[in-house]
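Colleague: Kindly return the folded structure for what I paste below:
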Amino acid sequence: MWLHVSCQLNFEFEVPTSFILMLRPRSGAQQWIAREEYNISPTVPVTEFTDVYGNLCQRLVAPAGAFAISTAAEVKTPDLLDSAPGAAFVDVCNLPETVLNYLLPSRFCESDRFGSMALELTAGCLLGYDQVAAIENWLRANIEYIPGSSSVPISSIEVNARQSGVCRDLAHLGIALCRALSIPARMVVGYLHGLYPMDMHAWFEAFVGGRWYTFDATQNSEKCGYVAIGYGRDAADVALYTQFGPSAPPLQQVVSVSRL
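Modeller: Down below sits the predicted model:
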């Protein structure tokens, strides 16, 4: 499936404002970036770096006044989302070093508080993929997905108490439950074809059977058309933009995903 994805951000600043942006998807096992556009107005110096999670990030200082960022890409994604019922649990001693960090509790995913709950939800499941699928199904059935209901990230404990949340909240709880079972899990943010209402989206991946698999409890059926922009332990690591200085939310944010 070929997709055209884009994001437009418009700001108004009273003072020059430092930014770290994370708006460029990169090619990987599940996506190929064939073409990209990245425009900033007015033009300012930009430095790009790769963070500790492999995400492409840009540093700049936006001037006072109107400031606009627009990105677009043409991306090849799989026609079907990979699944692997029965894929085995990987013992911690055999995990690649690069995934060990995704076993630990983090700011929004307090996995050390969910051990008993995770075992209860996955009782009788084969260790590995089937446990994660059971967690995803439980989230879908028990945590109400309400787009736009929150603009501030909340922790997995809070999500479990509220029994509702936005996409990143369901991902946080899913990640915490997986890590409580010693299954590496990470947050992903990006685009999803067919999402309604259209916006940036968050889901999670779990490492079983020797690779990462996508899980998304906000969707009632297996969707394709995911385009990942950022990976991290939780929402704190995958902000699409981070400002330093007086808060100035975007005046406009327009996200688009269309099939080519």
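Colleague: Which strand or helix spans residue 9?
Modeller: strand 2-13 (DSSP states H and E).
Colleague: Now that strand - C-alpha only, CSV.
Modeller: C-alpha atoms of strand 2-13 as CSV (Å, rounded to 0.1, in the frame of the first residue of the first chain):
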residue,chain,number,x,y,z
TRP,A,2,1.4,3.4,-1.0
LEU,A,3,0.4,6.3,1.2
HIS,A,4,0.9,10.1,1.1
VAL,A,5,1.2,11.5,4.6
SER,A,6,1.5,15.1,5.7
CYS,A,7,1.5,17.3,8.8
GLN,A,8,1.1,21.1,8.9
LEU,A,9,1.9,23.1,12.1
ASN,A,10,1.3,26.8,12.5
PHE,A,11,2.6,28.8,15.5
GLU,A,12,2.7,32.4,16.7
PHE,A,13,5.6,33.2,19.1
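Colleague: pLDDT wise, what is the residue lying closest to residue 169 once chain neighbours are set aside at?
Modeller: Distances taken as C-beta to C-beta, 6 or more residues apart in numbering put residue 159 closest to residue 169, at 4.4 Å, once the chain neighbours are dropped. Heads up, the C-betas are built off the backbone N, CA and C, glycines and all. pLDDT, residue 159: 98.
Colleague: and residue 159, that's in a helix?
Modeller: Yes - checked against DSSP: H, G, I helix; E, B strand; the rest coil, residue 159 lies within a helix.
Colleague: Give me the neighbour count for it.
Modeller: Other residues lying near residue 159 total 26 when counted by other C-beta atoms under 10 Å.
Colleague: what's the answer for residue 65, then?
Modeller: Neighbours around residue 65, by other C-beta under 10 Å: 11.
Colleague: what are the bridge partners for it, then?
Modeller: As for beta bridges, residue 65 partners with residue 13 under DSSP bridges.
Colleague: Now do it against residue 16, distance only.
Modeller: 10 Å (C-beta to C-beta, to the nearest Å).
Colleague: what's the neighbour count on the residue nearest to residue 178 when sequence neighbours are not counted?
Modeller: Spatial nearest neighbour of residue 178, chain neighbours left out: residue 185 (3.7 Å); criterion: C-beta to C-beta, 6+ apart. Neighbours of residue 185 under the rule other C-beta under 10 Å: 29.
Colleague: Contact partners for residue 185?
Modeller: 102, 109, 132, 174, 175, 178, 179, 204, 205, 206, 207 (C-beta atoms under 8 Å, 6 or more residues apart in numbering).
Colleague: Local confidence estimate at the last one?
Modeller: Pointing back at residue 207 there. For residue 207, pLDDT reads 98.
Colleague: Isn't it up against residue 181?
Modeller: No - between residue 207 and residue 181 there is no contact under C-beta atoms under 8 Å: 11.7 Å.
Colleague: I would like the residues contacting the strand holding residue 9, please.
Modeller: 17, 23, 25, 34, 62-77, 191, 193, 200, 225, 227, 240-241, 248, 250-260.
Colleague: Any buried residues in it, and which?
Modeller: 3, 4, 5, 7, 8, 9, 11, 13 (16 or more other C-beta atoms under 10 Å).
Colleague: Which element is encountered next along the chain beyond it?
Modeller: That would be, after strand 2-13 and using DSSP H and E, strand 17-24.
Colleague: just to revisit the earlier point, biggest separation within the buried residues of strand 2-13, which pair?
Modeller: 3 and 13 (31.8 Å; C-beta to C-beta).
Colleague: burial measure for residue 254, as a count.
Modeller: Burial of residue 254 is recorded as 13 neighbouring residues (other C-beta under 10 Å).
Colleague: ditto for residue 150
Modeller: By other C-beta under 10 Å, the residues close to residue 150 number 16.
Colleague: Since that was my last question, I'll sign off now.
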